[in-house]
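Visitor: the amino acid sequence is not available; the structure is as follows:
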Ligand SMILES: Cc1c2[nH]c(c1CCC(=O)O)Cc1[nH]c(c(CCC(=O)O)c1C)Cc1[nH]c(c(CCC(=O)O)c1C)Cc1[nH]c(c(C)c1CCC(=O)O)C2
């Protein structure tokens, strides 16, 4: 499928917001917008395993389109997972029904790094993601932009050592204290793969990129600055350089470090157009730290969607007033939960549009 005849973009609100340009209404998308809270997703999951969906470009495209067909969202995000990178490096990852991701053979000691296929050809190993992106760009017919993504090095490293979810990340953190050099070696391997992966996603048609540092919250400032931040910075720089070399226009990049309020200043100076924030920091404080010209994304508590519609409207309004309509992309502060009522998602999306449009019109008439 061709990558040089994509349909023209009809809604570029999120791209304009990411670049700090003016918008007529605030764009909104929802992290994990294609997921188990949608009955049509649960239906398709009765027939296919999670990674069967991810690895089949047509099915991945169909799932990506599910929330776009239902709600007035301003971006699609390619249906995939951050754990496709450990898979490309040769690790086995299973998605267990009530447990989430699981690695039957995690990395235990630094010598295990040598088992990784560190020179893997990303173009080949993850070709299904690139095919899904190109197919989805055509299927979207320019309705909204398509976001590509990757996990950040520390988050991927911690999954590869923990072998699944963990509240303390203590096995992975032990590496940082006991084996700092080998930890850097692993982080460098991951960074190189992530860079190639993101560049290929843009070449395949991704119009924005989000880097997920989901496990920022278990580090302290010193560890983050040593083991996470340098790689986050190298990624944004090298992705831009590599795209330039290939004469492909760069796309806006979003860094989202869950629970990363303690490194917001550093993240806002890491050459990403957008900083995503969770609900543990006040919007006004995030603005103060990141500056007026930084585009912020977030940060409604995902549980706010359990509230009644009237209260949800108030929370949407409050969020818009605090962030302001400029340099802002509305979103939750983390992924949506599987038991959420899709009706409430629709309400949030529509209210963000309605309220922000009124705010902007009122400001223009003054
Ligand atoms: C940490 C992480 C993962 N995956 C991801 C992250 C970073 C974001 C975050 O911090 O949550 C990213 C991700 N995972 C998924 C997407 C798809 C795009 C989207 O709609 O946002 C994205 C962007 C689909 C998914 N990834 C997963 C599902 C549900 C799996 C299923 O259908 O059984 C979906 C729709 C599984 C997954 N994948 C992962 C976990 C922890 C789980 C289990 C938890 C859960 O079930 O929600 C790893």
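Guide: That came in fine, so what should we check first? Predicted, not measured: the structure shown is a model, and the values here were computed from it. Numbering: from 1, shown residues only.
Visitor: tell me how far whatever residue of the stretch 51-200 of the chain ends up closest to the ligand lies from residue 44.
Guide: Of all residues in the stretch 51-200 of the chain, residue 100 sits closest to the ligand, at 3.3 Å by CB to the nearest ligand atom. (C-beta placed from N, C-alpha, C; glycine too.) From residue 100 across to residue 44, the span is 19 Å (CB to CB, to the nearest Å).
Visitor: more crowded one of those two?
Guide: Higher neighbour count among residue 100 and residue 44: residue 44, with 16 against 12, using other CB atoms under 10 Å.
Visitor: wait, that one touches residue 59, no?
Guide: Yes: the pair residue 44 / residue 59 is scored as a contact, 7.1 Å apart, by CB atoms under 8 Å.
Visitor: overlap in contacts of those two?
Guide: Taking CB atoms under 8 Å, 6 or more residues apart in numbering as the contact rule, residue 44 and residue 59 both touch residue 53.
Visitor: tell me the residues of the stretch 101-250 of the chain that contact the ligand?
Guide: 101, 149, 165, 212, 214 (CB under 6 Å from any ligand atom).
Visitor: please redo it, this time with the cut-off set to 5 Å
Guide: Residues of the stretch 101-250 of the chain lying close to the ligand (CB under 5 Å from any ligand atom) are 101, 212, 214.
Visitor: number of residues surrounding the second one?
Guide: Put plainly, it is residue 212. For residue 212, using other CB under 10 Å, the count is 22.
Visitor: neighbours around residue 204, how many?
Guide: Around residue 204 there are 24 other residues, counting by other CB under 10 Å.
Visitor: one more: residue 359?
Guide: The burial count for residue 359: 17, using other CB under 10 Å.
Visitor: SS state for the nearest residue to it once chain neighbours are set aside?
Guide: In space, residue 359 comes closest to residue 325 once its chain neighbours are excluded; the distance is 5.4 Å by CB to CB, 6 or more residues apart in numbering. Assigned state for residue 325: coil (three-state reduction, DSSP: H, G, I helix; E, B strand; the rest coil).
Visitor: how close does residue 325 get to residue 105?
Guide: For residue 325, the distance to residue 105 - CB to CB - is 49 Å.
Visitor: and the helix or strand hosting residue 61 with the ligand, contact?
Guide: Counting by DSSP states H and E, the element that carries residue 61 is helix 57-70. No: shown here: helix 57-70 not in contact with the ligand (CB under 5 Å from any ligand atom), separated by at least 7.1 Å.
Visitor: residue 209 in helix, strand or coil?
Guide: strand.
Visitor: centre-most residue in the chain?
Guide: In the chain, the centroid-proximal residue (CA atoms, centre = their mean) is residue 210; its distance is 4.2 Å.
Visitor: by contact count, what packs against the helix holding residue 61?
Guide: For helix 57-70, the packing partners by 3 or more CB pairs under 8 Å, 6 or more residues apart in numbering; DSSP states H and E come out as helix 39-45, helix 50-55, strand 76-77, helix 127-140, helix 342-365.
Visitor: which one of these is the most hemmed in?
Guide: strand 76-77 (a mean of 24; mean count of other CB atoms under 10 Å).
Visitor: what are the pairing partners of it, and which direction each?
Guide: In the sheet, strand 76-77 lines up against strand 146-151 (parallel) (DSSP bridges).
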